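[1] Pasting the sequence and the predicted model now:
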Amino acid sequence: MNFFDLASSCANTLFPRECIHCRRVVRGRSLLCAGCLDAVLTGKGQFTCGLRHSSGIWSCRAYSGAVRAYIRHFKFQGVKPVDTVLTAISAPFVRLLRERRVAFDLVIPVPMGPLKKLRKGSNHAETIARHIAAIAERPLEKDILHKKDKRPQTGSSRLERARNIEKAFFARNGRRLAGRSVLVVDDVITTGSTIDSCARVLIRAGAEKVYGFTLAKTPLAAPVYKVNAPGDKNGDAKPGRYEGRQIPALPQGETERHKGKV
């Protein structure tokens, strides 16, 4: 045992670390106790359809419990997420996309506004996207999709989110999107309006299809609906009443049927 390991061991004995979710004492440098870590690694995944522009969003976990604590810790505390946990959560879903022949050519993170990125110092969505790009062996593009500085979406209603985010994004270097499919990556979705707005901009800039990928999805009181827009080339579907469709099963996942008004 070297000096640093000995010092760390002494520090953990004198000042034991607590699980960031349940506050039980944890050993070593882990952020979560064994029980909470198991909940993060074995949780259920979800698929969101019915968005106007995106071809669907895969979410690895529900945004609750230990998953919520883990994501909030690196999102708001400025802590880099643990690579091994990210891999364990996201790798099965990347494999699922391959099995379902969901092909994408580029990985693009949901961007931050310039002032927010300057204040935070890094973009957590970009950290996740870099990890996904490495697993999927696809290029990460950070200079195509951009965002204007807007007020935070946290705490906003579904309608308010849609209105706030509608004109927040814009694209540059659109020629690199021509005829290509894109995977847009974020940490958490609630209604899907953020990724759907990104998809709208990317499709208009030349992308053929846009999929979404997030670590987690916030449980909604109201469902997300399937909206069909036959013959619509730009993805400008109009809201209305449409039949939902059965969601394909995910690894250790769940199925949802969506039906009703948007």
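    Everything's here; your move.

[2] Start from the N-terminal end of the stretch 101-250 of the chain and give the helices.
    Remark: helices assigned in the stretch 101-250 of the chain by DSSP state H, counting those that start in this stretch are 114-120, 124-136, 158-165, 193-204.

[3] Show the contacting residues for the spatially most central residue of the chain.
    For the chain, the residue nearest the mean C-alpha position is residue 214 (1.9 Å; Cα atoms, centre = their mean). With contacts defined as Cβ atoms under 8 Å, 6 or more residues apart in numbering, residue 214 is in contact with 57, 58, 59, 60, 185, 186, 187, 188, 189, 195. Where C-beta positions appear, they are placed from N, C-alpha and C, glycine not excepted.

[4] per-residue pLDDT, it?
    Residue 214 carries a pLDDT value of 95.

[5] Give me the phi and psi for residue 53.
    Backbone torsions for residue 53, taken as degrees, to the nearest 10, come to phi -120, psi -40.

[6] So it sits against residue 192, correct?
    No. Residue 53 lies out of contact with residue 192 (Cβ atoms under 8 Å); the separation is 10.0 Å.

[7] Give me the more crowded residue out of those two.
    Ranked by neighbour count (other Cβ atoms under 10 Å), residue 53 and residue 192 place residue 192 first, with 28 against 24.

[8] and the gap between the more buried one and residue 203?
    15 Å (Cβ to Cβ, to the nearest Å).

[9] And residue 24, by the same measure?
    From residue 24 across to residue 203, the span is 47 Å (Cβ to Cβ).

[10] So for those two, which residue has more residues nearby?
    Set residue 24 next to residue 203 and count neighbours by other Cβ under 10 Å: residue 203 wins out with 22 against 14.
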